[in-house]
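J.: okay, sequence plus prediction incoming.
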Amino acid sequence: MADSPSPNTNADNPDLTDPHAARRHKLAELVQRGIDPWGQRFDDRDLNGECRARIGEVKFVTKEGETLELPDVESPDVDYRQWKTDNGPGEEVGPTVRVAGRIMLARTAGKLIFLNLRDWTGDIQIFIGKKQVGEEDFELAKLFDLGDLVGVEGRLGRTNTGELTVFAEKLFMLTKMLEVPPEKHAGMTNIELRQRMRYADLAFNDGVMQTFLDRTKIIKSVRSTLDDRGFCEVEGPTLHTIPGGAAARPFETHHNALDMKLTMRIALELHLKRLMVGGMERVYELGRVYRNEGLSPRHNPEFTMIEIYQAYGNYESMMELTERIICDALDKIGGGYKREYNGQEIDFTPPFQRATYAELFEKATGINPTDEDAVMSLAAKLQIDTNDKHPDVIRNEIFEEKVEDSLQGPIFVIDYPASICPLTKRKRDNPEIAERFELFICGMELANAYTELNDPDLQEELFKTQLAGLEEEDSMAKMDHDFVRALRYAMPPAGGLGIGIDRLVMVLTNSKSIRDVILFPVLRPE
RNA sequence: GGAAGUGUAGCUCAGUUGGUUAGAGCAUCCGACUUUUAAUCGGAUGGUCCUGGGUUCGAGUCCCAGCACUUCCA
């Protein structure tokens, strides 16, 4: 692939029509002229975005010395050439700037070169005229290739079409690119290449940088929402001796000095609850968890989640908090509460819709979920394996198949069957129902919250009860004696909330795959 | 784990029923052009058709196996 240099690159007589060889040749040419192809300090520069914001400082000075404001060329009514004809002769005069960035496009027109220079605040056009920059710099400009990082010093102005442009006076080679850039219209579309070479994806594909900058904004926003409400961020261990807090298969590793098996964490829950016992009344952790499962557009083996615990709250408090976190994040990235995801309009205006597990089940299947015979016969019709399975497990498989995909949301599904929620407090008036909700958007589970179980004896009992029909790795029922001991020291009644950050970012940035919001998703080696 | 799809130049893609020397655009190189903006115009270079077998006079194309990716399902 691209990492093997072409055979022409080392030959004495390189084939200059080979793009790689041509770049190597120009590199050598730069060195020969005493120009460092890898650049030097240039941090006293102006960002392209700042330059664009200074467009108002560019004036038109007529031959008579009169200074005119320039018209707004963004307006379709303005023909800038005509405006100049009407007001000329004269020239545009703006402040001197220093910019740096990657050459995205280049157009030569005789003894002129136009560049589109990109930094992470956007693009700006560069005008390089042979007469204007002088022979030496013009020869340097001829050694520039698409993708090179260059610096330009010059005056801000406008071209005849009105475009804001840096009229170069001095050029700086900052770094040569030795690889060939992707196709300039289509970009790099091969999904595997984009993920393997995220650097090139970020540098050359539109929208990729914005998605990841939005991801950062969203995560910052989540933290600030919680910090503003007095929550304390902590860091729990990522190496666990007992993988707990979720139903998932862990990654296993080994500690040499202690000669013991360790597992990567699959959830944050049990350690955060220990901290609540210790008196951290509002606590959260935002971090990576690892689940040894298959890959899909919604699953990556390592992903980012946040878990939040609030003493003296319950799942109702967590619903309000969930809405607050999402709406604050939407405010930060802009674009309003009505957004498109996968072609559907999602309305995030709070409060989000709420419906119970039982009523959604009945609506989708026409069957009352407490009617065991009807549930069993439906399961048979759906060809769900019912052997040795607890009725609630079967019920939940039907729910996943018939209800979840159709939940466009945002909708809180509340009040789950208690037997599938071993870490959750039961409803006081109905011990069959757990105080739990899941937030669904476009059929995707985004958040999961409980009124947390804090009865140590009941917790111990639930750890011992393996639900019939569940594989061990699918069960949350893994005895953690220290956790039960912690509960005996009294954990306050509390609400707990977990949010899948990657999925939240997917929905808020309209990304179809979790791999579009994870910089370096898991891939097989090349 | 199962099914379907994809894999051709550095990148994006065509490639007919199996038939001459595998094409285009971008990029690259040469030439023209001092206000272009997906610049334009003229010319040139560039291929392990994913890998390995097989069928055939002849395979990018058909068959088998494998690899990678994508999507759907479990």
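T.: Structure received. Residues are numbered from 1 along each chain as shown, chains lettered A, B, ... in the order given.
J.: only C-alpha atoms for contact and neighbour calcs from this point on.
T.: OK.
J.: partner strands of the lengthiest strand in chain A and their direction?
T.: In chain A, taking DSSP state E as the definition, the longest strand is strand A:96-109. Strand A:96-109 sits in its sheet next to strand A:112-119 (antiparallel), strand A:149-158 (antiparallel), going by DSSP bridges.
J.: near the residue of the stretch 301-450 of chain A found nearest RNA strand B, how many other residues are there?
T.: RNA strand B sits closest to A:Glu401 of the stretch 301-450 of chain A, with a gap of 6.7 Å, by C-alpha to the nearest atom of the strand. Neighbour count for A:Glu401, taken as other C-alpha atoms under 10 Å: 12.
J.: tell me the residues of the stretch 351-500 of chain A that contact RNA strand B?
T.: Within the stretch 351-500 of chain A, the residues that sit near RNA strand B (C-alpha under 7 Å from any atom of the strand) are A:Glu401.
J.: counting by contacts, list what the strand or helix carrying the residue of the stretch 301-450 of chain A closest to RNA strand B packs against.
T.: When elements are assigned from DSSP states H and E, A:Glu401 belongs to helix A:391-402. Contacts defined by 3 or more C-alpha pairs under 8 Å, 6 or more residues apart in numbering; DSSP states H and E place helix A:391-402 against helix A:357-365, helix A:372-381.
J.: again, only this time at 10 Å
T.: helix A:357-365, helix A:372-381, strand A:411-417 (3 or more C-alpha pairs under 10 Å, 6 or more residues apart in numbering; DSSP states H and E).
J.: report the angle between the last one and helix A:391-402.
T.: With axes from the mean of the first three to the mean of the last three C-alpha atoms, to 10 degrees applied, the angle from strand A:411-417 to helix A:391-402 works out at 160 degrees.
J.: and if you look at the second one?
T.: Using the same axes, to 10 degrees, the direction of helix A:372-381 lies 50 degrees away from that of helix A:391-402.
J.: now swap in the first one and tell me
T.: Using the same axes, to 10 degrees, the direction of helix A:357-365 lies 50 degrees away from that of helix A:391-402.
J.: how about the nearest residue to the residue of the stretch 201-350 of chain A found nearest RNA strand B, chain neighbours excluded?
T.: Nearest residue of the stretch 201-350 of chain A to RNA strand B (C-alpha to the nearest atom of the strand) works out as A:Pro297 at 4.7 Å. Of all residues not flanking A:Pro297 in the chain, A:Ser513 sits nearest, at 4.5 Å (C-alpha to C-alpha, 6 or more residues apart in numbering).
J.: do you know the pLDDT at that neighbour?
T.: In the predicted model, A:Ser513 carries a pLDDT score of 90.
J.: who are the contact partners of it?
T.: A:Ser513 is in contact with A:Ser296, A:Pro297, A:Arg298, A:His299, A:Asn300, A:Asp502, A:Arg503, A:Met506, A:Val507, counting by C-alpha atoms under 10 Å, 6 or more residues apart in numbering.
J.: just the helices in the stretch 201-350 of chain A please.
T.: For the stretch 201-350 of chain A, helices defined by DSSP state H, counting those that start in this stretch occupy the ranges A:208-228, A:269-277, A:315-333.
J.: show me what the second one is packed up against.
T.: The helices and strands touching helix A:269-277, judged by 3+ C-alpha pairs under 10 Å, 6+ apart, are strand A:282-290, strand A:302-311, helix A:481-488, strand A:494-500.
J.: do the first one as well
T.: Helices and strands touching helix A:208-228, as assessed by 3+ C-alpha pairs under 10 Å, 6+ apart, comprise helix A:198-204, strand A:232-233, strand A:282-290, strand A:302-311, helix A:315-333, helix A:501-509.
J.: could you dump the ones you listed to a markdown table with mean neighbour count?
T.: Formatted as a markdown table, the helices and strands packed on helix A:208-228 follow (neighbours: other C-alpha atoms under 10 Å):
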| stretch | mean neighbour count |
| --- | --- |
| helix A:198-204 | 18 |
| strand A:232-233 | 16 |
| strand A:282-290 | 21 |
| strand A:302-311 | 22 |
| helix A:315-333 | 19 |
| helix A:501-509 | 23 |
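J.: and these as JSON lines, adding mean pLDDT and distance to A:Arg52?
T.: Output for the helices and strands packed on helix A:208-228, formatted as JSON lines (pLDDT from 0 to 100; distance: least, C-alpha to C-alpha, whole Å):
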{"stretch": "helix A:198-204", "mean pLDDT": "93", "distance to A:Arg52": "20"}
{"stretch": "strand A:232-233", "mean pLDDT": "96", "distance to A:Arg52": "38"}
{"stretch": "strand A:282-290", "mean pLDDT": "96", "distance to A:Arg52": "36"}
{"stretch": "strand A:302-311", "mean pLDDT": "95", "distance to A:Arg52": "36"}
{"stretch": "helix A:315-333", "mean pLDDT": "95", "distance to A:Arg52": "21"}
{"stretch": "helix A:501-509", "mean pLDDT": "94", "distance to A:Arg52": "25"}
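J.: will you turn these into TSV that also has distance to A:Glu362?
T.: Formatted as TSV, the helices and strands packed on helix A:208-228 follow (distance: least, C-alpha to C-alpha, whole Å):
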stretch	distance to A:Glu362
helix A:198-204	46
strand A:232-233	40
strand A:282-290	35
strand A:302-311	31
helix A:315-333	23
helix A:501-509	28
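J.: so chain A: which segments form each domain?
T.: For chain A, the structural domains run A:19-58+A:94-175, A:208-352+A:409-480+A:491-516, A:353-406, going by the TED database.
J.: mind checking the end-to-end distance for the first one?
T.: Read it as domain A:19-58+A:94-175. 17 Å (C-alpha to C-alpha, to the nearest Å).
J.: what do you get for stretch A:486-499?
T.: With C-alpha to C-alpha as the measure, stretch A:486-499 spans 24 Å from end to end.
J.: can you pull the phi/psi pair for A:Gly236?
T.: phi -90, psi 180 (degrees, to the nearest 10).
J.: is it true that it touches A:Glu285?
T.: Yes. Applying C-alpha atoms under 10 Å as the test, A:Gly236 and A:Glu285 come out as touching, 7.4 Å apart.
J.: okay, the angle between whichever strand or helix holds A:Trp83 and strand A:149-158?
T.: Under the criterion of DSSP H and E, A:Trp83 resides in helix A:80-87. Angle, helix A:80-87 to strand A:149-158, by the same axes, to 10 degrees: 50 degrees.
J.: so the residue of chain A positioned farthest from its centre: helix, strand or coil?
T.: For chain A, the residue at maximal distance from the C-alpha centroid (C-alpha atoms, centre = their mean) is A:Glu64, at 54.5 Å. At A:Glu64, secondary structure determined by DSSP: H, G, I helix; E, B strand; the rest coil is coil.
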